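> Got a predicted structure here, sequence first:
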Amino acid sequence: MSRASALLLTSLGLLGLGASAFAQTSAAAAKPSHAVKSTALAAKSHGAKEVDRADSTSSISVVQLDFEVKPAIPGVPASPIFAGPIFCSPSGIPYVDFPQPPDYMSHVIYSLNPKGGHEFSAKDVPGLYDPSSHAYFVSESMVGLLVNATKDGKKSSRTLTLMPGMPPRAISPGAHHDYLVEFDRQGNFKKTLDLPATYHFWRIAELPDETFLALAYDRVNAVPLLFLLNSDGQILRTLELPNGMTQNGEMTQGETGGITTQVAAESGMSWWLFAPARKDILLYQARSKAPVLEVGAGGVVREVPLQAPKGYVLDDVISASDRWIMRYRKDSISDKGPIDAGPRTKNFVLFEVNPSDGSLRAQFDPGKVSISDIACEHDDVVTAFSMKDGKVILKTADLPR
């Protein structure tokens, strides 16, 4: 593989989109989870019950979530798949990435606002050509798309087929690099920020003080970097990454190996993700037992080791207003073929985690709702979504304190 081809595959996300793809299934088709063999205790909050379960986490209470189905969301088309992780607005509105057919390489973000959804896409951003959106975030002031593109509108007469069965792509020979494209929350384009061309950016999010947190890869020195950026997208300083994320075999081999080894190391960053929690941003490594890095205003950082249920690893962090809620995945699950995310399989489990020390605080049992469909928590309400009859349906459940 040539360096140009390898870097193109990486920029397009073919070596890891930084997201997990989930198939949507009808809630009516989901089988009920097995009954919990214990005595139920009444919870203070409507729609939830606390119970005790005798298993490997027997000392941790289990909160059963009773989801209420809401009306379909106007303006949002149903999709057979969506890509995680899911970002939610500070007011608790989910924003979901729906990869687009036929090749599912282009991405459109939809807001799942009960009053009517809005669309966010890089395809019509003025002044950018051959855009590829590979991450997004939602804040008080904007929806931001991290886009790799060129400002050169020239097209080559040649095309490139990246994988068998995929349609050919027109080649844009102009220099590509990364941009932050900002929209307001109604989907109106605001502006584009040029990010430093020296690096390839994988993640970006806005901090409470309106600076940006950005995760990037230095392809010259083959090392990952965490930056604090100003409001214009320029680097203020570098923040230290947890050793538990950087000191692994694949990442360290990338520093001294050839192009194939470097591409493999960089593609491993597809599992390094951001999530908003308690008004800060959490950096975490999915499918690992690495610590979580909490980053607040001014780039203040705090590293927290995470406890995991026996036989599970961290899979995702749920957007939350004032809690840490983690989805864990069975360590034994193979990546080959589809994964059943239904609640009865226990392939995925959902826990609240103590932000002070990373210990497991409570387990959430979603009943018939797939854990992969749970989008966020806001003000003690959990929001999930599903597809039915070509429409997107929200479901909500209350959490006890």
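That came in fine, so what should we check first? Computed from a prediction, not measured in an experiment: that's the story for all the values here. Residues are numbered from 1 along each chain as shown.

> ranges for the strands of the stretch 151-300 of the chain?
Assigned by DSSP state E, counting those that start in this stretch, the strands in the stretch 151-300 of the chain fall at 159-160, 169-170, 176-183, 189-194, 200-206, 212-218, 223-229, 235-239, 272-277, 280-285, 292-295.

> Which secondary structure elements does the last one sit against?
The criterion is 3 or more C-beta pairs under 8 Å, 6 or more residues apart in numbering; DSSP states H and E, and the helices and strands that strand 292-295 contacts are strand 280-285, strand 301-304. Heads up, the C-betas are built off the backbone N, CA and C, glycines and all.

> can you list contacts of it?
Strand 292-295 is contacted by residues 207, 213, 226, 239, 241-242, 277, 280-284, 301-304, 306, 317, 355, 358 when judged by C-beta atoms under 8 Å, 6 or more residues apart in numbering.

> same thing with the fifth one?
In this structure, residues lying in contact with strand 200-206 by C-beta under 8 Å, 6+ apart are 7, 10-11, 18, 134-135, 137, 139, 141-142, 144, 146, 148, 178, 180, 195, 212-217, 219, 229, 266, 269-270, 272-274, 276, 281, 283.

> Could you do the first one as well?
When contacts are taken as C-beta under 8 Å, 6+ apart, the neighbours of strand 159-160 outside the stretch itself are 8, 168-171.

> which one of those residues has the most neighbours?
Neighbour counts for those, by other C-beta atoms under 10 Å, peak at residue 8, which reaches 19 neighbours.

> And the residue lying closest to residue 302 once chain neighbours are set aside, how far from residue 323?
Excluding its sequence neighbours, the residue lying closest to residue 302 (C-beta to C-beta, 6 or more residues apart in numbering) is residue 294, at 4.5 Å. Taking C-beta to C-beta, to the nearest Å as the measure, residue 294 and residue 323 are separated by 13 Å.

> Identify the contacts common to these two.
By C-beta under 8 Å, 6+ apart, the residues touching both residue 294 and residue 323 are 277, 355.

> Just the buried ones out of the contacts of strand 292-295, please.
207, 213, 226, 239, 241-242, 277, 280-284, 301, 303-304, 306, 317, 355, 358 (16 or more other C-beta atoms under 10 Å).

> Mind pulling up the pLDDT for residue 217?
Note for residue 217: predicted pLDDT of 95.

> wait, isn't it in contact with residue 268?
No. Under the criterion of C-beta atoms under 8 Å, residue 217 makes no contact with residue 268, lying 9.9 Å away.

> More neighbours: which of these two?
More crowded of residue 217 and residue 268, by other C-beta under 10 Å: residue 217, with 23 against 19.

> so what's the more buried one up against?
Counted by C-beta under 8 Å, 6+ apart, residue 217 has contacts 199-200, 202, 223-225, 266, 269.

> give me that answer again for 10 Å
Residues in contact with residue 217 (C-beta atoms under 10 Å, 6 or more residues apart in numbering) are 10, 199-202, 223-225, 254, 262, 265-269, 272.

> ditto for residue 287
Listed by C-beta under 10 Å, 6+ apart, the contact set of residue 287 reads 20, 271, 313-316, 329, 331, 333, 335.

> got it, and residue 146?
Going by C-beta under 10 Å, 6+ apart, residue 146 touches 18, 122, 132-137, 178-181, 195, 201-205, 214-215.

> With residue 227 instead?
So residue 227 contacts 195-196, 199, 201, 204, 211-216, 233-239, 299 (C-beta under 10 Å, 6+ apart).

> Ok, residue 154 next?
129, 172-174.

> nearest to residue 396, of those residues?
The nearest member of the contacts of residue 154 to residue 396, counting by C-beta to C-beta, is residue 129 at 41.1 Å.

> got any residues that touch both of residue 217 and residue 268?
When contacts are counted by C-beta under 10 Å, 6+ apart, residue 217 and residue 268 are jointly contacted by 224, 254.

> Could you report the neighbour count for the residue lying closest to residue 223 once chain neighbours are set aside?
Residue nearest to residue 223 in three dimensions, not counting chain neighbours: residue 255, with 6.4 Å by C-beta to C-beta, 6+ apart. Residue neighbour count, defined by other C-beta under 10 Å, stands at 13 for residue 255.

> And for the one 4 residues further on?
Applying other C-beta under 10 Å, we find 17 other residues in the vicinity of residue 259.

> measure it to residue 222 for me?
10 Å.

> cool, residue 325 as well?
Distance of residue 325 to residue 222, computed by C-beta to C-beta: 34 Å.

> Kindly report the same for residue 362.
With C-beta to C-beta as the criterion, residue 362 and residue 222 are 41 Å apart.

> Secondary structure element holding the one residue sitting closest to the centre of the chain?
Nearest residue to the geometric centre of the chain (C-alpha atoms, centre = their mean): residue 85, 2.1 Å. Using DSSP states H and E, residue 85 falls within strand 81-88.
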